[in-house]
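Novice: Starting from these lines, generate the structure:
(one chain, ligands or ions: 2)
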Amino acid sequence: MKENLKAKLIELKKEKNAVILAHNYQLDEIQEVADYIGDSLALSKIAMSVKEDVIVFCGVKFMAETAKILSPDKKVILPVIEAGCPMADMVTAEQLRSVKEDYPEAAVVCYVNSSAEVKAESDICCTSSNAINVVDSIKSKKILFVPDQNLGSYVGKQISDKEVILWQGFCIVHNRVTIQNLLHIKEKYPSAPLLVHPECRPEIVEQADFIGSTSEIIREVKKLKDKKIIIGTEKGILYTLKKQNPDKEFILLSEKLTCMNMKKTTLKDVISALENETNIIEVDERVRKKAYETLKKMILL
Ligand code: CIZ
Ligand code: SF4
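Specialist: Ligands and ions are numbered 1, 2, ... in the order given. As a prediction, this is how the structure comes out:
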């Protein structure tokens, strides 16, 4: 059954001149058929450079939008249009405009997990891989960081000469992990290193041996000699970790690390969206141009 679907997708890709991009948090069945797997920025950069006209972005909405902002001439499909990011929805452009008035001297840094409209209202974008460098590069001593308070708090602690004002957003998945979860796992695997995503709560991040984005965690694991490793990010990352490190055992910091939005996209959805060319992402051109500038500043850094 699955083999038939895979064969159908290969045919469709040829017919439509399409490429499949999958985020590190997607279901295994999506990562298995993807032409490229990665984080949102790496995938958006790939979308800019591939020769295909159609990009099927298997991820959540802000990711497909980011690809469209950077590659306006390509057709970008998000297979399941309801796949959103609750954290990105925790700040709207209207709310941001209003809070900006309270901090006229602050530079606005938006995490890539934000809508095109919020990016358009911000000075510069960042991802979890480059957030420290982005904030460090800004002249202003005051930074309004949206929407992730956990990432913002982590960045603020690394940079002493700037005041980072935190928006009260968070990732509903990473934020679920508690110190009790951590103590329980640490008791079971006392010598295993702990690698976590900065979207986790500060008390979790403080206990980690390594803090980084999905791509940074994947890179770090390759360097480690340990045979048992604790992973504190969404469980989809285990697909690449296991494939690249068959001799290592990975322990998820908590079974709660599953993003329902990332798991909405199935192989059938990808086929259906590509076949019918539905769920095409459009971004208003005025918004897109401004959001493009915000992303470009980060990319050129
Ligand atoms: O930027 C991304 O892809 C996200 C949301 C997470 C990560 O660390 O890769
Ligand atoms: Fe959003 Fe968190 Fe899901 Fe990523 S894991 S898409 S930040 S809710």
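
Novice: and the stretch 151-300 of the chain, which of its residues are near ligand 1?
Specialist: Within the stretch 151-300 of the chain, the positions near ligand 1 by CB under 6 Å from any ligand atom are 197, 213, 214. Placement of C-beta: from N, CA and C, glycine included.

Novice: Which residue ranges of this protein form helices?
Specialist: Secondary structure of the chain, counting by DSSP state H: helices at 2-16, 28-33, 40-49, 61-70, 93-102, 116-120, 131-137, 149-158, 179-188, 202-205, 214-223, 238-244, 267-276, 285-300.

Novice: Now the first one: buried residues?
Specialist: The reference is to helix 2-16. 5, 9, 12, 13, 16 (16 or more other CB atoms under 10 Å).

Novice: possible to save those residues as CSV with pLDDT?
Specialist: CSV is the format used below for these (pLDDT from 0 to 100):
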residue, pLDDT
5, 96
9, 98
12, 98
13, 98
16, 98
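
Novice: circling back to that earlier point, and the helices of the chain as CSV, adding distance to ligand 2?
Specialist: Below are the helices of the chain laid out as CSV (distance: least, CB to the nearest ligand atom, whole Å):
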stretch, distance to ligand 2
helix 2-16, 23
helix 28-33, 14
helix 40-49, 9
helix 61-70, 8
helix 93-102, 18
helix 116-120, 14
helix 131-137, 14
helix 149-158, 10
helix 179-188, 16
helix 202-205, 14
helix 214-223, 10
helix 238-244, 14
helix 267-276, 16
helix 285-300, 18
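
Novice: Burial check on residue 104, number of neighbours?
Specialist: Per other CB atoms under 10 Å, the neighbour tally for residue 104 reads 7.

Novice: what phi and what psi does the backbone show at it?
Specialist: Residue 104 adopts backbone torsions of phi -60, psi -20, taken as degrees, to the nearest 10.

Novice: Quick check: the residue of the stretch 101-250 of the chain nearest ligand 2.
Specialist: residue 171 (3.3 Å; CB to the nearest ligand atom).

Novice: My read is that residue 256 contacts residue 174, right?
Specialist: No. Residue 256 sits out of contact with residue 174 when judged by CB atoms under 8 Å, with a separation of 9.4 Å.

Novice: who's more crowded, the two?
Specialist: Between residue 256 and residue 174, counted using other CB under 10 Å, residue 174 has the larger neighbour count: 27 against 15.

Novice: if I pick that one, what's in contact with it?
Specialist: Contact partners of residue 174, counting by CB atoms under 8 Å, 6 or more residues apart in numbering, are 150, 197, 199, 200, 201, 232, 233, 234, 257.
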